[in-house]
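[1] Kindly generate the corresponding structure for this input.
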Amino acid sequence: MSDSQIIFGQEEIEAMLKDMAGRICRGGEGAPCLVGIRTGGAYLSHRLAMIINPGPGGPVRQGAVDINLYRDDWSLRHIKPRLGGTEIDFDLRDQRIILVDDVLYTGRTVRAALDAILDLGRPRRIELAALIDRGGRELPIAPDYVGAALDARPGQRVDVLLRESGHGRDEVRLLF
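    The predicted model follows:
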């Protein structure tokens, strides 16, 4: 993968997040609690919370979940997984949880996040928000809220580069 193409820039990402935030507010009963999957999903979850706050039911609660020990492939990827920590300082019971990720691909990251969340409590409902749905699912998982859908081919990679992670600006890149 030596070539890349910028698919979306900073303004387009901001517009996608505003649109997603609006749909999340209109999309279900009760105030949403946003839980981002580390790391990119956690940054996006925080941004969505800033757009939504104050929500229709008061301030939107927001947290982050680390899924590294829940992955079904961590032993294949790393000898020692890097742990970022789960930070959820509210009770998940009977809450409407919006699980946030940057790129939805095979569904395995989301499956791991669901396992991690269910170990912490039993929400009333879990919905999925992804900035980019690139297709290529291996598990039957679909987003409730998506910023953009791409038709990336096998062998291509979609990277969401965010300023919070040290990039000077926000970009979605397709690497081929």
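[2] Helices of the chain, start to end?
    10-26, 40-52, 74-77, 108-120 (DSSP state H).
[3] can I assume residue 21 is in contact with residue 48?
    Yes: in this structure, residue 21 is within contact of residue 48 by CB atoms under 8 Å, at 5.2 Å. Every residue, glycine included, has its C-beta placed from N, CA and C.
[4] returning to what we had before: tell me which of the helices of the chain is the most buried.
    helix 40-52 (a mean of 22; mean count of other CB atoms under 10 Å).
[5] So which residues make contact with that helix?
    Helix 40-52 has contacts (CB atoms under 8 Å, 6 or more residues apart in numbering) with 17-18, 20-21, 24-25, 32, 34-36, 60, 62-64, 84, 98-103, 129, 131, 160, 162, 164-165.
[6] Of those, keep whichever come out buried.
    Among the contacts of helix 40-52, those that count as buried by neighbour count (16 or more other CB atoms under 10 Å) are 17, 20-21, 24-25, 32, 34-36, 60, 62-64, 98-103, 129, 131, 160, 162.
[7] Check the most centrally placed residue in the chain and give its pLDDT.
    Nearest to the mean C-alpha position of the chain, counting by CA atoms, centre = their mean, stands residue 101 at 1.2 Å. Residue 101 is assigned 98 on the pLDDT scale.
[8] pretty sure it is touching residue 111, no?
    No: Residue 101 is beyond contact range of residue 111, at 11.4 Å (criterion: CB under 8 Å).
[9] For the residue nearest to the centre of the chain, which non-adjacent residue is closest in space?
    Nearest non-adjacent residue to residue 101, counting by CB to CB, 6 or more residues apart in numbering: residue 41, 4.1 Å away.
[10] I'd say residue 175 and residue 103 touch.
    No: here residue 175 does not reach residue 103: they are 11.9 Å apart, not a contact under CB under 8 Å.
[11] overlap in contacts of these two?
    158, 159.
[12] what residue ranges in the chain are flagged as low confidence?
    For the chain, applying pLDDT under 70 flags the ranges 1, 55-56, 71-84.
[13] 50 - rerun?
    When residues are selected by pLDDT under 50, none of them lie in the chain.
[14] how about the strands in it?
    Secondary structure of the chain (DSSP state E): strands at 4-8, 32-37, 61-65, 96-104, 125-133, 145-149, 157-161, 171-175.
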